[in-house]
Structures are given as structure tokens and as C-alpha cells.
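Asker: sharing a sequence plus its predicted fold:
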Amino acid sequence: MPSIKKFAAGNGTITSIYDGELLLGPEMFSGISDAEVTKCLANIGLTEGPVSGSLNAYIYQDGDKTILIDSGGKAAIPGTGQLLDGMKLAGIAPHDIDMVLCTHLHPDHIGGLIDEGEAVFTNAELKIHDTDREFWLNAENREKTPEDFKVFFDLAGAVLNAYQDRTSTFIGETEVVSGVNSVPLPGHTPGHSGFQIGDVENGLLIWGDIVHVQAFQMPQPKACIAFDVDSQTAAATRIAMFERASKERLRIAGMHLAHPGVGYVVPRGDGFWLEPAHI
């Protein structure tokens, strides 16, 4: 069933949309010991994996533009694909989307952008980090990737082809559209980015895939998922993000945090935890 949550952020409104469920087991992670896995699972009342997690997308409306941030997985990821139903529940049609901001070009974040190779959001400009675009379009990168992961490159290419006449790129930390700044968060992919909407006091930092399984990676931030392109950088980025979010009391949102996926990072023991935001 589609689920949505609306709340104020920046100069407008955020709609968090639940796109579906992802099941991820401990075998998908490195940088975490068996004993640490057992303890993390026990913290959420489990003795073994997999762990159920969310896949979320976000829409920001400021009275001028309607901006979709990631699109969920659709047919690319089993158990996902509720974005359009969630949008309908929120009173937002596909043609209302003026812009799509991509945190990165993995299937569970861009799968909802196309349907049989055609653009779903026909009025939308697509914005992505230039480094991510170049990485996923590079034939040599695809060639040296294990066979099971080549589909990542194929889907990224199909999405970029469908939106080729209205795609633009950004680099580093910059204002991608009025009131929204990109935040470099490399490691998971070379151009993986977050988006800061508004200021710290009333804003929201959408951090993409800083976390895949909250139960593992918040208490053990060195734990990395197999999908990381550069796990060492991903872990360093995650730790730095946790420390910054905790120190600055940033309200954050994540694509794989329990829907609506919004909260505050707080220190807990040697790691961190997520305090849900009241929205």
C-alpha cells in the first residue's frame, strides 16, 4: 500500500513517499564482525537476517517548482514501485514534476524514471552529478564490473537516453535550484550526493544512501554494503556525515530509513542512532 507523509521544510513542503520494501541480509555487508551483527540484530529483536528496510522518494514543492528527489525502483527492484500511487495519493501527477534530482544512478533510485524505455516525467529536467553520469556511461567501467552488476550500467544508460535532451549536471557543492544545494557524499558511487533544502533551522538534508540498513550502519558506521563503488570512501563519508549531523542537529532524510525516513542523528555508545523527527 502506498504511504505518504507531508511536512514543512525550507520555503515549501516535502512529501515523503514509500516506494516499497527492501530486504538486506548481513552477508551484504563488510566491515562488521559476526559478533557485531548479532548484537545489532538483537537490538531490533532479531536473531538473524534479512532486515526489512524502506525505499523512499521525496518531493519538494515551493510554490514555484515541484521537484522529485529520486524515483524508487519500480520494475528494477522487486517489492518496490509504489511511487506513482503515492504521488496520486498526494495529488501530484507525473506531468506536475518540473525537475528530478538524482542522489546517484543506482536502480533503486532511478528505476521509476522510465517505463519501457520512455520517460515517465515528461516535463521534468533531470539533474545529476557530472562524475556519476560519466562513471555510469563509461564502457570500460561496465566491462570490468561483475556480470550481476552490469544491469546497473544498462539502466543508467537507458534513463540518461530517455532524458538526454533535458539533462544537466552539477559538480560539488552548489545551488542546483533556488533553495536547494547539492552536498557531495562520495563513496557509495563516485558522484553520490545529498541535497540540502533550506537552512539548518527549518530545512532538510536528504542524504541519499549514507545508510542502507539503519540497524547495522548507525551503531557500526564502518559497515559497508556490497553495492559501494569505493567502500573505504563510503565509510569515511558516512562517519563524517554522522558527526556533522549530530553536532549541527541537522534534520536528515534517507532513502533507506524507515518511512518517512526523517530524523536526527544522535551519538549512542561508540556509534550513532536515529532519533525520529516529529513531523
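Answerer: That came through, no problem. Nothing here was measured: the structure is a model prediction, and the numbers come from that model.

Asker: for the rest of this, base every contact and every neighbour count on C-alpha atoms.
Answerer: Will do.

Asker: which strand or helix spans the closest residue to Glu175 other than its chain neighbours?
Answerer: Once flanking residues are discounted, Glu175 sits nearest to Asn181: 4.2 Å by Cα to Cα, 6 or more residues apart in numbering. Element membership of Asn181 [criterion: DSSP states H and E] is strand 180-184.

Asker: residue ranges with poor pLDDT in this protein?
Answerer: 75 (pLDDT under 70).

Asker: centroid-nearest residue for it?
Answerer: Gly208 (2.8 Å; Cα atoms, centre = their mean).

Asker: if I look at that one, how far off is Leu105?
Answerer: With the distance defined as Cα to Cα, to the nearest Å, Gly208 ends up 11 Å from Leu105.

Asker: do the same with Lys5
Answerer: Distance from Lys5 to Leu105, by Cα to Cα: 25 Å.

Asker: looking at the two, which one has more neighbours?
Answerer: Leu105 (26 against 16; other Cα atoms under 10 Å).

Asker: how much space between the closest residue in space to Arg238 that isn't next to it in sequence and Thr237?
Answerer: Leaving aside its sequence neighbours, Arg238 sits nearest to Ile210 (Cα to Cα, 6+ apart; 5.7 Å). Remark: distance between Ile210 and Thr237 (Cα to Cα) = 8 Å.

Asker: mutual contacts of the two, please.
Answerer: Leu185 (Cα atoms under 8 Å, 6 or more residues apart in numbering).

Asker: looking at the two, which is more packed in?
Answerer: Neighbour count, other Cα under 10 Å: between Ile210 and Thr237, Ile210 has more, with 31 against 20.

Asker: the more buried one is in contact with Ile252, isn't it?
Answerer: No: Ile210 is beyond contact range of Ile252, at 10.6 Å (criterion: Cα atoms under 8 Å).

Asker: can you give me the strands in the stretch 101-250 of the chain?
Answerer: 114-115, 118-119, 125-129, 167-170, 175-177, 180-184, 193-197, 204-206, 224-225 (DSSP state E, counting those that start in this stretch).

Asker: just checking, what packs against the third one?
Answerer: Where contact means 3 or more Cα pairs under 8 Å, 6 or more residues apart in numbering; DSSP states H and E, strand 125-129 is packed against strand 99-101, strand 167-170.

Asker: for those, give me JSON lines that also has mean neighbour count.
Answerer: Shown next, in JSON lines, are these (neighbours: other Cα atoms under 10 Å):
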{"stretch": "strand 99-101", "mean neighbour count": "24"}
{"stretch": "strand 167-170", "mean neighbour count": "15"}
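
Asker: export these to CSV and tack on distance to Asp199?
Answerer: Converted to CSV, the helices and strands packed on strand 125-129 look like this (distance: least, Cα to Cα, whole Å):
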stretch, distance to Asp199
strand 99-101, 18
strand 167-170, 20
